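1. have a look at this prediction, sequence included:
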Amino acid sequence: MSILANKDTRVVIQGGQAGVNAARRMAEFSYLIKRPLNVEAFVYPPDAGKTNEIPYGSGLLAIPVYKSIAEATKHHPAINTSLVYIGADRAMKGGLEALDDSHIKVVSMITEGVPEKDAKLLGTHARKLGKVFNGPSSIGIISAGACRLGVIGGAFDNLVLSKLYREGSFGVITKSGGLSNEIIWICSQFADGITTAIGIGGDAYPGTDYVSYLEMFENDPQTKAVIIVGEMGGDLEERAAEWYGARKRRIKLIGVVSGFCQESLPKGMKFGHAGAKEGMKGEGSARSKSDALKKAGAIVPATFGALGPAIKETYQDLLKSGQVKEPVEPAVLPKLPKSIEEAMKADEVMVAPLIRTTISDDRGDEPCYDGYPASELINKGYEIPHVIGLLWDKRLISKQEAEIIKRIMMLSADHGPCVSGAYATILAACAGIGLSQAVAAGLIMIGPRFGGAVTDAGRYFKYAVDQKMTVDEFLAHMKKHVGPVPGIGHRVKSLRNPDKRVKELVGYVKSLNIKTPCLDFALEVEKVTAVKKDNLILNVDGTMAAVLVDIGFPVDSLNGFFILSRTIGLIGHWVDQKRQDSRLIRLFDYLVNYAAPKRREVPPLK
Amino acid sequence: MAKVLEGPGMGLMKKWGIAVPNYVVVTSADELAKLGQANDWMKQTKLVAKAHEALGSRFKLGLVKVGLDLNGAVAAAKEMIGRHVGSITVSQVIVSEMIPHKEEYYCAVKSTREGSEVLVANCGGIEVESNWERVKRLTLDVGQSPTADSLEKLAKDAGFTGPLAKKMADFAGKMFTCFDSEDAQYLEVNPVVTRESDGELVALDAVTLLDGDAKFRHPDWNFQFAAEFGRAYSREEMEVMAVDSKIKGSVKFIEIPGGDTAMLPAGGGASVYYSDAVVARGGKLANYAEYSGDPPDWAVEVLTDKVCSLPGIKNIIVGGAIANFTDVKKTFGGIINGFRKAKSEGKLKNVKIWVRRGGPREKEGLDAMRALKDEGFDIHVYDRNTPLTDIVDKALQTK
């Protein structure tokens, strides 16, 4: 048996994430005792209509979220208990809503910091309706082997260690969350464990008192003894003592009270719980409470440390008198499946990774590029070309190489609005398309006819150099197998109208006195092709390609330089159009050659 | 509970129609002199000057002066501001008009488990404490307001007669309205006096305890709460409070000068048992502290820093029960960082550290604590199999 929470308890949780976390803990307990999850619904208006996913064993349960208690109990008429996890400023409204629903008999409020007046109103309202309002600031209620309400009992390992999977003989009532677990643990070590443990909350005026619960325990034949953990402040312990001493009780009462230290501390000092404050003239002090309990015939250990032995002694008496029997432990207990993360941490599973990366790692406090922390690179003077070197070629390039890359990027950042990439971005910007899509539209234009020749140019120049071809052999090879030489030829520039960017880049690279076999070869090729036609000159793509191959970048990365640098320009064009609030572009009729058939009659449909 | 100083307390009473003397709260004598030029009442009536701090027995300390003229009040303010009393420095003075009166009465409203009580006595000042049986009370359920008749009956029961009974009933009614509307837990006026000039009942003093948890519905509570134990909060205590107000979970810290056993326990309930164990063993607490509700590790680190900085400590008790959901590894991480910082600053010399804890990730947390031994800490770590407060016994045995 148990009180307040049993096998028939069906729960609605009022609240958001904190409530979901509690439901997860409750599902762990349900799994341990091999019963279905007792949470049937959530009430949380912002998420109404959705479901919360609660792990149960290795599966997932979808628990619906409703807008109101009425809606929840309409769909789940078995609900008889509400756990309140909503914020202190809305807790009273939520608590009243639950109390006023005819399905709900018990409301346990977990919320901390609820104004005293609100808590008192809730308590009074519940008593008027003949219901139980537990809390606020309650850690929850747990009945061994039957039902868990809230996070009381702690993590799964602790549930097992404290033998909460099966019923014992001791009831527990505490104000403190942490101590409830401690007492449950002690009961499992020094005796046969608990029936029900209740956190009544540490506030000054909790919605219920010890007496109402002691009455319930007295009427639960399984409970043989009850432990109350009190603290100074209020008079709940004195009332419990009065109840216990009023007549012969079936249950034994064991009580400890904290706050003796107050006798030697500054008056008015505030302790952990809001309720822990001594009244005037020593009333509500730890000593007066302890004395009252002792006088009423309760067992009152001198210190908290003596509680374990006191419980043990009580248990031995119960065994001797035949009131309880030694519990039989189940042979096998369910084990909570570990999450992949936990199992990996414990070296229990090996997972085949989905993807593999060899360049970057962001799992620490900052990303590392090929092993180098980003901030350290910055602070030691490295720049964007070095990051490119690390992420595209997994090497720390030299200062000189970085300078070449910087120049390449600056020279190819933008080539005006008329080139296909920029035009596409502008078109998209004028159509009201967002930055990333508009820039992507521009980047999509990069291909064999626009900027996308860099990779191919690099590939073929490198091939020729590697094969030690002569220019004539190369041109013959290209003509036969490939077609026009990528990187050679320009639409508007020619020998008579040379491309300053190419001249500039070639001049700079040549001035460095480094080996540039690809560039040299490309320039030899130009000499031959330009004679054939004066616009068959080495263009920017070809120059970039040759230089980048010469400094060692992999051929497959080369178009990336164009994509990266041109992105700067494309973003500029998008922002420019946006700032001008440019109108939607429609192509003018006169720019179109309407070569479609003339207007004619539509034949009848056959 | 949150105590409010006299100035803001009187402000709240005035808001609900209770007559209070004219008053000003100043932080310098110059400010008071200027206010004196601008406010006629300060020139026309006798004045009272009091140190406006959470201090007990101000009268004895010479921090209350009566029957002053404006110059006298300015001089009194000059003398009081900046005075050191124990751990605090007087920073504010409240100057109010003296209300000539003959009779003194008592009125209070307090929170009870069932609702509230209105208390009235036909005597006032220190006379009330010695004549507690003369205090009459009206008990009210939560949500219930007193009727005019019930208040008049209360006043008559307390010995008020004639028109004064009606006036007192009216005064008590306003007190209740103030109590109820302001989410107060205790309101006391002692003494209530009859102002000779117009016969109206005036509140000469205000003890105001508000429900700090209700702050969210009182945007006009623009004052700071004061400590309840006869001294102001220290800088360290204020810093921990500031952290506490920012985080999920809680951290609490109160200094107790002269102690040698520092507390760094987890949980509002367990922390008091740890304190009890220290006192029971004849130890002297250097502080009260507590963290709970799975606070972030940096908040626990701040708390640890304050605990390690307490002067003259010999033991630190890092106690705790078996946590429900506070991550032991993570919160211990904050404590460990705090310990390392303290040690690097030359603190913790000859200080023994005692640890006992359970809860989520207890093994990892306790292992991390144990590893501090290798860094030269004098640390003793126990798990859930050691009863809760046994580490206190062990710590204090070794003295």
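-> Sure thing, it's come through.
2. so which elements touch the helix or strand where residue A:503 lies?
-> Residue A:503 belongs to helix A:500-511 when assigned by DSSP states H and E. Contacts defined by 3 or more C-beta pairs under 8 Å, 6 or more residues apart in numbering or on different chains; DSSP states H and E place helix A:500-511 against helix A:399-411, helix A:517-532, helix A:540-550. Backbone N, C-alpha and C define where each C-beta goes, glycine included.
3. and the angle from whichever helix or strand comes after the last one to helix A:540-550?
-> With elements assigned by DSSP H and E, the helix or strand that comes after helix A:540-550 is helix A:558-580. Between helix A:558-580 and helix A:540-550, the angle formed by their directions is 130 degrees, by axes from the mean of the first three to the mean of the last three C-alpha atoms, to 10 degrees.
4. report the rounded mean pLDDT for helix A:558-580.
-> Averaged across helix A:558-580, pLDDT comes to 96.
5. CA atoms only: put that helix into CSV for me.
-> Extracted as CSV, the C-alpha positions of helix A:558-580 are listed here (Å, rounded to 0.1, in the frame of the first residue of the first chain):
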residue,chain,number,x,y,z
LEU,A,558,41.0,26.0,-57.3
ASN,A,559,37.5,27.1,-58.3
GLY,A,560,37.1,27.6,-54.6
PHE,A,561,39.4,30.7,-54.8
PHE,A,562,37.1,32.2,-57.4
ILE,A,563,33.9,31.3,-55.4
LEU,A,564,35.3,32.7,-52.2
SER,A,565,36.6,35.9,-53.6
ARG,A,566,33.6,36.5,-55.9
THR,A,567,31.3,36.0,-52.9
ILE,A,568,32.7,39.3,-51.5
GLY,A,569,31.6,41.1,-54.7
LEU,A,570,28.2,39.3,-54.9
ILE,A,571,27.3,40.3,-51.3
GLY,A,572,28.3,43.9,-52.3
HIS,A,573,25.9,43.8,-55.2
TRP,A,574,23.0,42.5,-53.2
VAL,A,575,23.5,45.1,-50.5
ASP,A,576,23.9,47.8,-53.1
GLN,A,577,20.6,46.9,-54.8
LYS,A,578,18.9,46.6,-51.4
ARG,A,579,20.1,50.0,-50.3
GLN,A,580,18.8,51.6,-53.5
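6. flag every buried residue along it.
-> By 16 or more other C-beta atoms under 10 Å in any protein chain shown, the buried positions in helix A:558-580 come out as A:558-567, A:569-571, A:573-574, A:577.
7. show me what contacts residue B:223?
-> Counting by C-beta atoms under 8 Å, 6 or more residues apart in numbering or on different chains, residue B:223 touches B:4-5, B:7-8, B:11.
8. residue boundaries of the helices in the stretch 251-399 of chain B?
-> Remark: helices assigned in the stretch 251-399 of chain B by DSSP state H, counting those that start in this stretch are B:268-280, B:297-308, B:328-344, B:362-371, B:390-397.
9. and among those helices, the most buried is which?
-> helix B:268-280 (a mean of 28; mean count of other C-beta atoms under 10 Å in any protein chain shown).
10. who are the packing partners of it?
-> If you count contacts as 3+ C-beta pairs under 8 Å, 6+ apart, helix B:268-280 packs onto helix A:177-190, strand A:225-231, strand A:252-258, strand B:261-263, strand B:287-292, helix B:390-397.
11. closest one to residue B:85 among the ones you listed?
-> Nearest to residue B:85, of all these, is strand B:287-292, at 20.6 Å by C-beta to C-beta.
12. mean neighbour count, mean pLDDT and distance to residue A:390 for the helices and strands packed on helix A:500-511 - can I get that in a markdown table?
-> Formatted as a markdown table, these follow (neighbours: other C-beta atoms under 10 Å in any protein chain shown; pLDDT from 0 to 100; distance: least, C-beta to C-beta, whole Å):
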| stretch | mean neighbour count | mean pLDDT | distance to residue A:390 |
| --- | --- | --- | --- |
| helix A:399-411 | 18 | 95 | 11 |
| helix A:517-532 | 18 | 94 | 23 |
| helix A:540-550 | 28 | 94 | 16 |
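13. which among those is found nearest to chain B?
-> helix A:399-411 (38.9 Å; C-beta to the nearest C-beta).
14. quick one: residues in contact with the closest one.
-> Against helix A:399-411 from outside (C-beta under 8 Å, 6+ apart): A:383-386, A:388-389, A:397, A:501, A:504-505, A:508-509, A:512, A:514, A:540, A:544, A:547-548, A:551-552, A:561, A:564-565, A:568.
15. next structured bit after it?
-> Per DSSP H and E, the first helix or strand lying C-terminal to helix A:399-411 is helix A:420-430.
16. quick revisit: mean pLDDT and distance to residue B:337 added to the helices and strands packed on helix B:268-280, as CSV?
-> Converted to CSV, these look like this (pLDDT from 0 to 100; distance: least, C-beta to C-beta, whole Å):
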stretch, mean pLDDT, distance to residue B:337
helix A:177-190, 94, 22
strand A:225-231, 94, 31
strand A:252-258, 95, 29
strand B:261-263, 96, 17
strand B:287-292, 94, 14
helix B:390-397, 93, 21
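17. among these, which is nearest residue A:485?
-> Taking those one by one with C-beta to C-beta, strand B:287-292 is closest: 72.7 Å.
18. mind checking if the helix or strand of chain A with the lowest mean pLDDT is in reach of chain B?
-> Ranked by mean pLDDT, DSSP states H and E, the weakest helix or strand in chain A is helix A:340-345, scoring a mean of 86. No: remark: helix A:340-345 sits outside contact range of chain B, by C-beta under 8 Å from any C-beta of the partner chain, the gap being at least 9.9 Å.
19. so residue B:342 makes contact with residue B:308?
-> Yes: counting by C-beta atoms under 8 Å, residue B:308 is a contact partner of residue B:342 at 3.5 Å.
20. kindly report the residues of the stretch 1-150 of chain B close to chain A.
-> Counting by C-beta under 8 Å from any C-beta, the stretch 1-150 of chain B sits next to chain A at B:1, B:111, B:113-115, B:141-143.
21. how about 7 Å then?
-> Within reach of chain A by C-beta under 7 Å from any C-beta of the partner chain, the stretch 1-150 of chain B has these residues: B:1, B:111, B:113, B:115, B:141-143.
22. residues in contact with stretch A:58-73?
-> With C-beta atoms under 7 Å, 6 or more residues apart in numbering or on different chains as the test, stretch A:58-73 has contacts from A:12, A:23, A:37, A:39, A:41-45, A:47-54, A:79, A:82, A:97-98, A:101, A:103, A:337.
23. any weak-confidence spans in the stretch 301-450 of chain A?
-> Within the stretch 301-450 of chain A, no stretch has pLDDT under 70.
24. which bits of it sit near chain B?
-> A:303-305, A:308.
25. buried subset of the residues you listed, written for PyMOL?
-> In PyMOL, a selection of the buried entries from those looks like this (16+ other C-beta under 10 Å):
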select buried, chain A and resi 303+304+305+308
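26. quick one: which of the residues of the stretch 301-450 of chain A next to chain B sit in helices?
-> residue A:308 (DSSP state H).
27. show me which positions of stretch B:38-57 end up buried.
-> For stretch B:38-57, by 16+ other C-beta under 10 Å, it's B:42, B:45, B:47-55.
28. include secondary structure and pLDDT when you put these into TSV, please.
-> Formatted as TSV, these follow (DSSP: H, G, I helix; E, B strand; the rest coil; pLDDT from 0 to 100):
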residue	secondary structure	pLDDT
B:42	helix	93
B:45	coil	91
B:47	strand	94
B:48	strand	93
B:49	strand	94
B:50	strand	93
B:51	strand	92
B:52	coil	91
B:53	coil	85
B:54	coil	79
B:55	coil	75
